[in-house]
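In: A predicted structure for the sequence below; I have some questions about it.
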Amino acid sequence: MPVRSAMASRAASGSGGLGERARVPQSLESRLMADLVADLLDFVDRSPTPYHAVAECVRRLEAAGFRRLDPTASWSLGAGDRRYAVREEGSLIAFEVGQVPPSEAGFRWIGAHTDSPNLRLKPCPDDTACGYRRLGVETYGGVLLHTWFDRDLSLAGRVALRGSGPPRIALVDFERPLLRVPNLAIHLQREIHTDGLKLNPQTQAIPVLGLDDGPSLPELLVAELRARDVDARAEDVLGFDLMAYDTQRAVVAGARGEFVQSSRLDNLASCHGAVAALIRATSSGPGRLTRGVVLYDHEEVGSRSASGAGGPLLGETLDRIASGSKDAGHDALPRALAHSLLVSADMAHAVHPNFSDKHEPGHRPVIGRGPVIKRNANQSYATDGRTAGLFADLCQRAGVEPQHFVARNDMGCGSTIGPISAARVGIPTVDVGNPMLSMHSCREMAGAADVAPMIDVLSLFLGEGRE
């Protein structure tokens with residue numbers, strides 16, 4: 001049975017993580033919180049790659065009344081219009097046009113990213129060694145490589161196929177254990193106890209696909225595509241972006257169901273929260289402000305792409321909306337940006353109980369205690385005192401107490417789409433996120449109790465300015 005079909009079957013039967021969790025809540029509020037957590041787990045399981053994450057967001061947005069825009073055509077937008085556009089299958093922008101022109105009311109936007117560190121196939125990956133068939137991979141982003149060993153991995157992504165005109169793009173997901181990166185037995189590396197684990201990503205992290213008389217990747221791809229009613233032959237495969245993912249489904253764990261444990265929580269949890277907040281905020285009709293979300297690909301490798309935060313997606317969209325409004329002047333966009341705000345949502349580092357010395361004293365977020373405001377004086381995060389205050393005020397009005405994160409002075413600091421988007425577009429920005437452990441692992445860990453509060457705050461942010 002395919003992985004996601006098995007997941008749905010177990011959830012329906014009430015067995016496993018979701019079924020067990022369903023017995024815990026007692027109040028209406030806790031049931032609603034549990035529903036949001038279950039929805040997050042479903043979202044992550046349906047999104048093994050950025051392309052599938054965007055497809056799942058599109059499914060949810062269309063169910064909420066959003067309609068697709070053609071980026072190659074002129075846009076005709078009116079107050080209350082709910083629209084979305086997709087860039088390169090891995091990035092998405094969605095918005096509702098406000099009742100007041102952006103040049104007068106500004107924008108409210110949430111940004112996040114769809115990609116996560118993983119193993120991605122090389123263009124010519126097929127390889128054999130010592131009787132095994134393997135697939136060559138590149139490490140994508142700051143992956144914790146050792147966490148990918150001894151896991152049941154599948155493959156998903158997009159394939160470019162020969163067509164009568166431009167290549168056809170098809171999404172593919174094998175949805176079953178297909179690959180494994182086997183560890184070396186302790187008997188053959190006794191020195192690991194004294195020297196620690198040292199991995200060569202070129203020679204020691206190659207997934208095993210099968211024995212050397214098994215099918216090649218093109219043969220597997222074509223068989224999988226045909227099983228999904230996509231007409232293809234091996235010679236039709238012109239290119240692909242395929243990545244490995246852990247087939248273990250997302251679960252709720254902990255003595256009282258405190259934790260969410262899954263792959264790709266960084267940053268699909270923020271994508272889920274952003275889209276959920278947009279749908280909730282727009283469900284009661286158009287507001288005064290134009291509000292939306294932008295979900296970028298390629299954040300984990302620096303956002304330097306046409307579909308990343310360093311590209312034109314957000315700026316072009318805001319310009320189209322502002323300049324297309326009634327009586328818009330040539331300066332409609334800069335006027336709109338002057339009173340706009342962006343929330344950059346990306347998961348935050350929770351204090352690690354076994355490595356607490358790695359965290360700045362006084363700035364140690366804890367899982368389950370609410371959203372984190374992230375600061376860095378050197379602008380690795382875009383937050384400043386003003387934008388931090390605006391978000392803290394939103395938290396207070398939503399009945400949430402924010403936490404704060406600052407990196408130690410003697411350690412490096414990660415970054416987000418926040419500073420890139422702020423500099424690229426010119427919108428004051430606050431960097432926030434829910435706390436988590438095991439960041440960039442094949443399997444990550446966050447808080448079940450943090451899902452609803454973040455969505456509440458983001459919904460309030462997008463819902464401000466209603467008539």
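Out: On my side now, so go ahead. Numbers count the residues shown, from 1 in each chain.

In: Below-threshold pLDDT in the stretch 351-467 of the chain: ranges please.
Out: 465-467 (pLDDT under 70).

In: where along it do the helices fall?
Out: Using DSSP state H, counting those that start in this stretch, the helices of the stretch 351-467 of the chain run over 385-397, 417-425, 451-463.

In: pretty sure residue 44 is in a strand, no?
Out: No: counting by DSSP: H, G, I helix; E, B strand; the rest coil, residue 44 falls outside a strand, being helix.

In: which residues does it contact?
Out: Each residue near residue 44 by CB atoms under 8 Å, 6 or more residues apart in numbering is listed here: 250, 262, 263, 264, 265, 268, 269, 272. C-betas here are computed from N, CA, C, even on glycine.

In: And residue 124, by the same measure?
Out: residue 136.

In: Tell me which helix or strand it sits in.
Out: Per DSSP states H and E, residue 124 falls inside strand 118-129.

In: tell me what the following helix or strand past that strand is packed against?
Out: Sequence-wise, the next helix or strand downstream of strand 118-129 (DSSP H and E) is strand 132-140. Under the contact criterion of 3 or more CB pairs under 8 Å, 6 or more residues apart in numbering; DSSP states H and E, strand 132-140 touches strand 118-129, strand 208-211.

In: my guess is residue 415 meets residue 380, correct?
Out: Yes: in terms of CB atoms under 8 Å, residue 415 counts as a neighbour of residue 380; the distance is 4.3 Å.

In: Okay, strands next: where are they in the stretch 351-467 of the chain?
Out: With DSSP state E, counting those that start in this stretch as the criterion, the stretch 351-467 of the chain has strands at 372-374, 403-405, 429-433, 435-437, 444-447.

In: contact partners of the last one?
Out: The list of residues contacting strand 444-447 from outside it, by CB under 8 Å, 6+ apart, reads 258-266, 269, 347, 350, 367-369, 434-438.

In: What of the second one?
Out: Defining contact as CB under 8 Å, 6+ apart, one finds that strand 403-405 is touched by 348-349, 360, 363, 365-366, 369-375, 435.

In: mind putting those in CSV, neighbour count and distance to residue 291 included?
Out: Converted to CSV, those look like this (neighbours: other CB atoms under 10 Å; distance: CB to CB, whole Å):
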residue, neighbour count, distance to residue 291
348, 27, 23
349, 21, 28
360, 15, 33
363, 18, 30
365, 26, 27
366, 14, 30
369, 18, 27
370, 21, 23
371, 28, 19
372, 26, 23
373, 24, 21
374, 30, 22
375, 22, 25
435, 25, 26
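
In: Going along the chain, name the strands of the stretch 1-150 of the chain.
Out: Using DSSP E, counting those that start in this stretch, strands in the stretch 1-150 of the chain cover 67-68, 82-87, 91-96, 107-113, 118-129, 132-140.

In: Of these, which is nearest residue 443?
Out: Checking the strands of the stretch 1-150 of the chain against residue 443 by CB to CB gives strand 118-129 as the closest, at 11.9 Å.

In: and the angle for the closest one with strand 132-140?
Out: Orientation check (axes from the mean of the first three to the mean of the last three CA atoms, to 10 degrees): strand 118-129 against strand 132-140 gives 150 degrees.

In: Quick check: which of the helices of the stretch 351-467 of the chain is nearest to residue 337?
Out: helix 417-425 (6.9 Å).

In: Could I have the CA atoms of stretch 397-414 written out in CSV?
Out: What follows is stretch 397-414, C-alpha atoms only, in CSV (Å, rounded to 0.1, in the frame of the first residue of the first chain):
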residue,chain,number,x,y,z
ARG,A,397,-4.0,40.9,21.5
ALA,A,398,-4.2,37.2,20.5
GLY,A,399,-3.6,36.1,24.1
VAL,A,400,-0.2,34.8,23.3
GLU,A,401,3.2,35.5,25.1
PRO,A,402,6.0,35.7,22.5
GLN,A,403,9.5,34.3,23.1
HIS,A,404,12.8,35.7,21.9
PHE,A,405,15.8,34.3,20.2
VAL,A,406,19.3,35.8,19.8
ALA,A,407,22.4,33.7,18.9
ARG,A,408,25.4,33.7,21.1
ASN,A,409,28.1,36.2,20.1
ASP,A,410,30.7,33.4,19.6
MET,A,411,28.5,31.4,17.3
GLY,A,412,27.2,31.9,13.8
CYS,A,413,23.6,32.8,13.1
GLY,A,414,21.3,31.3,10.4
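
In: re earlier: got CSV for the helices of the stretch 351-467 of the chain, with mean neighbour count and distance to residue 65 too?
Out: Supplementary listing: the helices of the stretch 351-467 of the chain in CSV, determined by neighbours: other CB atoms under 10 Å; distance: least, CB to CB, whole Å:
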stretch, mean neighbour count, distance to residue 65
helix 385-397, 16, 25
helix 417-425, 23, 26
helix 451-463, 23, 15
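
In: would you list these in a markdown table and tack on distance to residue 244?
Out: Formatted as a markdown table, the helices of the stretch 351-467 of the chain follow (distance: least, CB to CB, whole Å):
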| stretch | distance to residue 244 |
| --- | --- |
| helix 385-397 | 36 |
| helix 417-425 | 24 |
| helix 451-463 | 26 |
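
In: Which of the strands of the stretch 351-467 of the chain has the highest mean neighbour count?
Out: Stretch with highest mean neighbour count among the strands of the stretch 351-467 of the chain: strand 429-433 (a mean of 29; mean count of other CB atoms under 10 Å).

In: residues contacting residue 177?
Out: Residues near residue 177 by CB under 8 Å, 6+ apart: 3, 152, 153, 154, 247.
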